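A.B. asks: Here is my input; please provide its structure:
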Amino acid sequence: MCWVDTFLSTTLRSQKCFGHIYQLGWLNLLREDNATISVASSSAEGRFFTPSKSAELILVESLRCLHVGNILCAEPLKKKKRVDPQQEQNRIRRKAKRIEREIKRLSRQGKKLKPVEEIEGDRQLMKEEQDRRRPPTILSEDEIDSQVLLMKEWARYQACVAREEERKLRSVQAAQQRALRSLAAISPYHLYAAAIQPVGVSTSAGEVTDVTEVAPLCLSTSGPFATAPPRDPKSYEAPDGEKIDRTPTFEYEFELDRKFMAEAKRNKFVKIFGKN
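C.D. replies: Below is the predicted model of the structure:
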């Protein structure tokens, strides 16, 4: 056995990688006294090295299979709280008995419905309903005829007002057309072109087609706004007062723990019965 074999066996035994290198199929040692070491791959041609170079190559290849991971964050395990199973079972049974008692009480009294004020109404007003009810008014034939005649007269008056407004509008439009025709005959490129411009657009004195500026409309309105008032305290001062929430709420005297009931049925600790 030559010194190369001794070195290789010691190195591979210390690194514990002999099995890994053997599986890769990289090494093929030829034990001869004065021969070289050939390292051949299963798919490539064999290459020959000197004993010193082959030892370095084997050492590097053996160390490539070693991987060191990062140090992970670790903390001690939490100590589990030991609970006596008998005490836990007794607690569940007491809670189940309390729920059974409440179910029996609710089954005897019946289900309490949620009150709806819009349906029930004020009891005092319901008592005074007959006193507050107004009997229907019976009209005579003369009163009915007078109301019919009054409605007809009002309809005729409104029709006359609509016809008068339509006549005035037609007269104004006719006067406008006459004025435009006169301007077109006198100055078709200056006065007529300036007259037919949209409202708020003024033209230059030299050329009519060039728009110099857009004059704002002389219109100011004041009324209800669609948006909320500004938040700036300097420009808006909120009125004194406070908002009181008067939303009616209704709460039952006893609320059953549905999750607990489901767990109890699944674990078969207790059986819950209720009357319909």
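
A.B. asks: Could I get the full set of helices for the stretch 101-250 of the chain?
C.D. replies: With DSSP state H, counting those that start in this stretch as the criterion, the stretch 101-250 of the chain has helices at 117-120, 123-127, 129-132, 141-186, 191-195.

A.B. asks: helices or strands next to the longest one in the packing?
C.D. replies: For helix 141-186, the contact count by 3 or more C-beta pairs under 8 Å, 6 or more residues apart in numbering; DSSP states H and E identifies helix 191-195 as packing neighbours. Placement of C-beta: from N, CA and C, glycine included.

A.B. asks: how about the helix it packs on: buried residues?
C.D. replies: Using 16 or more other C-beta atoms under 10 Å as the test for burial, helix 191-195 gives Tyr192, Ala193.

A.B. asks: For that helix, the averaged confidence score.
C.D. replies: For helix 191-195, mean pLDDT is 89.

A.B. asks: again with stretch 248-258
C.D. replies: Mean per-residue pLDDT for stretch 248-258: 60.

A.B. asks: and if you look at stretch 148-159?
C.D. replies: On average, stretch 148-159 scores 96.

A.B. asks: Determine which stretch of the helices of the stretch 101-250 of the chain is the most buried.
C.D. replies: A comparison of the helices of the stretch 101-250 of the chain by mean neighbour count, using mean count of other C-beta atoms under 10 Å, puts helix 191-195 on top with a mean of 15.

A.B. asks: remind me which residues of the stretch 1-150 of the chain are low pLDDT?
C.D. replies: Within the stretch 1-150 of the chain, the stretches with pLDDT under 70 are 1-74, 110-112, 115, 117-118.

A.B. asks: go with 90
C.D. replies: Scanning the stretch 1-150 of the chain for pLDDT under 90 picks out the ranges 1-88, 101-127, 129-130, 134-135, 137.

A.B. asks: quick revisit: turn the helices of the stretch 101-250 of the chain into JSON lines, including distance to Glu75.
C.D. replies: Shown next, in JSON lines, are the helices of the stretch 101-250 of the chain (distance: least, C-beta to C-beta, whole Å):
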{"stretch": "helix 117-120", "distance to Glu75": "58"}
{"stretch": "helix 123-127", "distance to Glu75": "66"}
{"stretch": "helix 129-132", "distance to Glu75": "74"}
{"stretch": "helix 141-186", "distance to Glu75": "89"}
{"stretch": "helix 191-195", "distance to Glu75": "87"}
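
A.B. asks: Tell me which of the ones you listed sits nearest to Gly223.
C.D. replies: Nearest to Gly223 among those is helix 141-186 (24.3 Å), distances taken as C-beta to C-beta.
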